[in-house]
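Please work out how this folds:
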Amino acid sequence: MKPTITPAERAGDAICWVPVPSGTCLFGDRSRPIKVRALEWTRTPITPAQLGVGVSTVPMTGLSQPEAAEIARGLGGRLPRSVEWEYAASGPGRRTYPWGEAAPASHFANLRGGPGTTTKVGSHPGGATPEGLLDMAGNCWEWTSSSVLGDGFILRGGSYDSPDLYAKCTFLNAAPAELASAGIGFRVVRET
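Numbers count the residues shown, from 1 in each chain. Here you go, the predicted structure:
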């Protein structure tokens, strides 16, 4: 059963923390087992309204990875590692998509073929994880704290312009740390 989401949480006005228990992530295409600690996650990507910098409840985008990491610290947390993100999206049973095994559709995620821009966070409640995390696929890529060669960082989740393949929990991408894109946002995790 999916958790109930209040109107304030749906609108993206308040930061709601969702616990994700510890476990073993079968990471990546090779299913490498990696232990992951219990964390609290922001239910959605962070919005300008949640930061008090406007009333918009679409994901806060246009920030470089260091800027997103600084905001996460200011909120009492940090950006997730790539393995933590994958575990939160796929769960211990290793779902193909955050919502399960069903192929992507508009009620699950904002992907290519949708409105062509970011939408209000929580607009696709059918795509929630069993724990209640929203927008883990589509809407905007999400910065992680996992670096790659060449001063870049791993992105997870896909965006409003991503094909269905990018909605898979194991799919990852990378971008230069300084890239500030309208298609990249972030969510925050904190230790429990």
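
Return the residue of this protein that is most distant from the centre.
residue 150 (23.3 Å; C-alpha atoms, centre = their mean).

centroid residue for the protein?
Closest-to-mean residue, the chain, C-alpha atoms, centre = their mean: residue 136 / 4.1 Å.

quick check, that residue in a strand?
No - counting by DSSP: H, G, I helix; E, B strand; the rest coil, residue 136 is not part of a strand but coil.

how much space between it and residue 85?
8 Å (C-beta to C-beta, to the nearest Å). Heads up, the C-betas are built off the backbone N, CA and C, glycines and all.

contacting residues around the nearest residue to the residue nearest to the centre of the chain once chain neighbours are set aside?
Leaving aside its sequence neighbours, residue 136 sits nearest to residue 98 (C-beta to C-beta, 6 or more residues apart in numbering; 3.9 Å). By C-beta atoms under 8 Å, 6 or more residues apart in numbering, the contact list for residue 98 reads 89, 90, 127, 128, 129, 133, 136, 137, 167, 169.

so the fourth one touches residue 99, yeah?
Spelled out, that is residue 128. Yes - the pair residue 128 and residue 99 passes the contact test of C-beta atoms under 8 Å, sitting 6.5 Å apart.

the more surrounded of the two?
When neighbours are counted by other C-beta atoms under 10 Å, residue 128 and residue 99 differ, and residue 99 comes out ahead with 24 against 21.

Can you pull the phi and psi angles for that one?
Main-chain torsions, residue 99, degrees, to the nearest 10: phi -90, psi -10.

I figured it hits residue 129, correct?
Yes - assessed by C-beta under 8 Å, residue 99 is found in contact with residue 129 at 7.1 Å.

still on that earlier bit, quick one: buried ones out of the contacts of residue 98?
89, 90, 127, 128, 129, 133, 136, 137, 167, 169 (16 or more other C-beta atoms under 10 Å).

Next, format the residues you listed as a markdown table and append pLDDT, secondary structure and distance to residue 57.
Shown next, in a markdown table, are the buried ones among the contacts of residue 98 (pLDDT from 0 to 100; DSSP: H, G, I helix; E, B strand; the rest coil; distance: C-beta to C-beta, whole Å):
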| residue | pLDDT | secondary structure | distance to residue 57 |
| --- | --- | --- | --- |
| 89 | 98 | helix | 22 |
| 90 | 98 | helix | 26 |
| 127 | 98 | helix | 17 |
| 128 | 98 | coil | 17 |
| 129 | 98 | coil | 20 |
| 133 | 98 | coil | 17 |
| 136 | 98 | coil | 17 |
| 137 | 98 | coil | 18 |
| 167 | 98 | helix | 22 |
| 169 | 98 | coil | 25 |
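
Would you map the strands across the protein?
17-20, 23-27, 32-36, 39-42, 141-148, 152-156, 172-176, 184-185, 189-191 (DSSP state E).

Point out where this structure drops to low pLDDT.
The chain contains residues with pLDDT under 70 at 1-12.

Relative to residue 176, how far out is the residue farthest from the centre of the chain?
7 Å.

Ok, residue 86 next?
22 Å.

Residue 153 now?
Taking C-beta to C-beta, one finds residue 153 at 8 Å from residue 176.
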